[in-house]
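J.: pasted the sequence and its predicted model underneath.
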Amino acid sequence: MSAFSDGLSALDRPNSYIGKAVPRPNLERLMQGRGLYVSDMELPRMAHVVFLRSPHAHASIVAIDAAAAKRIPGVIAVVTGRELAAVVTPWVGVLSHMKGLKSAPQHAIAIGRVCWQGEAVAAIVATSRAVAEDAAEIVSVEYRELAAVTDMRTALDPETPVIHSSLGDNLAFERQLDVGAVDRAFADSDAVVEAEFVFGRHTGVTLEPRAVVADWNVAEARLTIYQGTQAPHMVQNIAALHLGLEDAQVRVICKDVGGSFGIKVHIYADEMATYALSKLLRRPIKFVADRVESFNTDIHARDHRCKGRIGVNQDGTITAFEIDDLTGIGPYSMYPRTSAIEANQIVNLVGGAYVTKNYRARARVVFQNKNVMCQYRGVGHPIACSVTEGLVDLAASKIGMDPVEIRRRNLVPDDGYPCASPAGLKFELLSHHAAMNKLMGMMDYDALRAEQAALRRSNIHRGIGIASFIEITNPSAAFYGVGGARISSQDGVAVRLDATGSVICQTSISEQGQGSESLTAQIVGSVLGVSIQRVRVILGDTDNTPYGGGTWASRGAGIGGEAALQAAKVLRSNILDVAAAILQSSPAELDIVNDAIVNADDGAPRIELKELARIVYFRPDTLPPGIQPELMATRHFVPRQYPFAFTNGVQACWLEVDTDSGFVKLLRHWVVEDCGRIINPQLVDEQIRGGVVQGLGAALFEHCIYDERGQLTNANMADYLVPMSGEMPDIDVGHVVSPTFETELGAKGAGEAGTAGAAAAVANAVNDALKPFGAVITEIPLTPQVILAALGRI
Amino acid sequence: MTTAMPISLHVNGEAVVAQVLPRLNLADFLREHLHLTGTHVGCEHGVCGACTVRVNGDIVRSCLTLAVQADNASIETIEGLSDSGEIADLQAAFRDRNALQCGFCTPGMLMAAQDLLKLESSPSRQRIREHLSGNYCRCTGYQAIVDAIETTARARIGREP
């Protein structure tokens, strides 16, 4: 910061874009239908692949007869798992820091056996997708159906078949934690309340399905992968590893991405098969999942049953938390991030906002013959928050205390930082009480309570639900790297001044609509004193960006943003060195404002950046001897001090339950969130709102419904309900700002806060509304059927 | 599938003649034959609204319409509405309000929004929400979209928001 002679930091200068709602630079092309999503792409000689998928949850593949299909004009190849295994090796989704986590080798296309309904058994490649689909219909597969393991509750029973006999049992992972003196705390409590919380499986439903174009150029011995992915360098590494290539032989290009939310941060078997088919067939291959395939193969999430206990004293003191979580992840641990992370997060996060140090937890992760489960927006947070906040409300109800009051008596005080949670999470600085105070003002809590009471007299049942939460953001290598995954936790940014005085900025974070381009341009423009219109951001190309993690786990702004800040500071210093040489001045006497070098003291213009650039690039002969300008700078950043930058916040929901129909009407939703320094308030607020609505969908509608044979019964958008505009409320967003001091930027993540607490707020509000009926519901989605059953009406 | 059939239509004002299989839907025709990739395919069963286009002035799901049904019709896609300037103010409002994130729903959303604003000059927020209820957006939570449409409606009738 000392580089700035005016005494202001790099980000607080007069023309700073930081903290301003600057429109995103990439919107125009998206609004005009002139973006480029993978599903839009065509390459010369490109063929299309359609996967024939298993109709059974668990079956042996006895025989595959593709002779008739191969005769259809336009069919290029029909490839089985065994044939494809010649060019792609199987993988096992484990990480060494998830102690005991086990999984079985998974192939790009099933060999010998299918383990979930939707697993690919053959690839049909043709000149058009329609022809490939025609051919798929006449590929004949003989199956021998096997007993399917579907109920997570009996997956570990001795009489239940073991899905992978080599693993010995169906237990993928187990973690136990026992901190403080839990038994004594419960024994000494005035009351102990317990409940079982049930969470329905749901999925991401990105509007653009997963899509890949893989192009193996045999002459170059290079594979170019066009994929809507959140983590281009991870895809590069994994593709190379399993196709027997060097990383340098694989280029991953990520153009526009039609939604991700964690769905597109994994490597799917059908994507790996598409890369391998391109290598096998020596031509570009395109795979675009259709919607039914998306429901059957995009990762699912949140299929948990979690028993919880809370101890409380009459004065409201929470004495202990205990949970026992069970989750079913499908037949394989997903690759390469594994399917143990969500359960692990739940163990880490439950009770994390509260003072009590007595905490016991067990989480078990079991295999089953359903689609794979893995990390989706919020990873574990919605479960942990719903269990914790549900228990806190039950405790409050038990002792007759207001839900806000019990939280105020137990949330970690705002001056109590830094501190650590019972699970060992390190908190730098959180603001639970400031957030709660702000929320109370925004929603006018007391007035709502009065309105609720008045309406109850006329048989209108409205409820208020409160949910405090913590959120993991800016993950360090502690997330994946320490477990052996080659998923970068650092990000890099290269910034250069080009020959016309514009700035080009290459960053390793990726863009799926969050605003990565915008925040990078805002930071770079602010530090350099260059107008944002002159900053172009390049991302999503492993050949043309620094190496880095990408955009996931609420890390883009906090990690990639800091790298951008530091790179821009170096470039600024380099520009001022050159300017001083040209102007026979000193760098300290100069500044950059509005695309020009000016005097630091009186702001008088000295030379425009485009003129400086002209001299540097075209007339370096006129520079003083010994000057070698460096108008490009690169910096990387990774958090080292804290494994994660925790954020916090609180949500509130105001809703009405129709006790005759069981329908819930959302009336209003409030969020107060603390993500540290806010680079673009509009982008942050919209991340929060979008996240909230994803959580509201989970709370009320979204559910992948399997039958007892492992058949997904609602794999389409008519039967799987998503939040639409008509049912969603307006959402008020407020902020408390507690920057992280680990970075100069001070930004933490905001991408998952909305999803973390929304369902908990809804569930608490429904129970609040139903209080006169004595009904307590600890299950989502809160469908009319669930509500009417709880009311004893059906 | 059988044999291709001839169709003749106008797309964004340009005359188009093509031979199409009877089973080809309008979305695939626009995207794959005419390379108008602004019309997006999200669900292929008429629920998500990403493929919304105008046929003879009415908005339709192009995934539920066969290309042969568009014979003699006038089709307008997002590219056409953008180039004509018809929705420039609406697009500006979407930009200023950040009413899109990934942008995949946006062409269909703009189509539906413009349809409403042609029908009603001053729709309430609830009316806007109802009219968009066939267009799925996973990113925004809809509020910014409703705001942008409301702002545009007010501006069009000469009142500032």
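T.: Looks like it came in fine. Being a predicted model, the structure only gives us computed values, none of them experimental. Residues are numbered from 1 along each chain as shown, chains lettered A, B, ... in the order given.
J.: show me which residues of the stretch 1-150 of chain A sit near chain B.
T.: Counting by C-beta under 8 Å from any C-beta of the partner chain, the residues of the stretch 1-150 of chain A close to chain B are A:21, A:23-24, A:27-28, A:30-37, A:39-40, A:130, A:134. In this view, the C-beta of every residue, glycine as well, is placed from N, C-alpha and C.
J.: which among those end up buried?
T.: A:21, A:23-24, A:27-28, A:30-35, A:37, A:39-40, A:130, A:134 (16 or more other C-beta atoms under 10 Å in any protein chain shown).
J.: show me what residue of the stretch 401-550 of chain A gets nearest to chain B.
T.: For the stretch 401-550 of chain A and chain B, the shortest gap (C-beta to the nearest C-beta) falls at A:G513, measuring 3.1 Å.
J.: surely that residue is within a strand?
T.: No - A:G513 sits outside any strand when classified using DSSP: H, G, I helix; E, B strand; the rest coil, being coil.
J.: could you measure from it over to A:M31?
T.: Per C-beta to C-beta, to the nearest Å, A:G513 is found 12 Å from A:M31.
J.: check A:N358 too.
T.: According to C-beta to C-beta, A:N358 stands 53 Å off from A:M31.
J.: so for the closest residue to A:L721 other than its chain neighbours, what's the pLDDT?
T.: Computed as C-beta to C-beta, 6 or more residues apart in numbering or on different chains, the closest residue to A:L721 that is not its neighbour in sequence is A:F701, at 3.8 Å. A:F701 is assigned 98 on the pLDDT scale.
J.: tell me the SS of the nearest residue to B:A144 once chain neighbours are set aside?
T.: Among residues not flanking B:A144 along the chain, B:A99 sits closest, at 4.1 Å (C-beta to C-beta, 6+ apart). Following three-state DSSP, the label given to B:A99 is coil.
J.: can you tell me how far B:A99 is from A:A568?
T.: 29 Å.
J.: ditto for A:L448
T.: 46 Å.
J.: the two - which one has more neighbours?
T.: Shown here are A:L448 and A:A568; by other C-beta atoms under 10 Å in any protein chain shown, A:A568 has more neighbours (27 against 16).
J.: helix or strand: which one has that one?
T.: Secondary structure from DSSP states H and E places A:A568 in helix A:561-583.
J.: give me the buried positions along that helix.
T.: Those would be A:561-572, A:574-583, for helix A:561-583 by 16+ other C-beta under 10 Å.
J.: where does the chain have low pLDDT?
T.: I'll assume chain A. Counting by pLDDT under 70, chain A contains low-confidence residues at A:1-8.
J.: nope, chain B
T.: Within chain B, the stretches with pLDDT under 70 are B:1, B:159-161.
J.: for chain A, give me its nearest residue in it.
T.: Counting by C-beta to the nearest C-beta, chain B gets nearest chain A through B:G38, at 1.7 Å.
J.: number of residues surrounding that residue?
T.: Quick note: B:G38 (other C-beta under 10 Å) scores 25 neighbours.
J.: before we move on, what about A:L788?
T.: Using other C-beta under 10 Å, A:L788 has 17 neighbouring residues.
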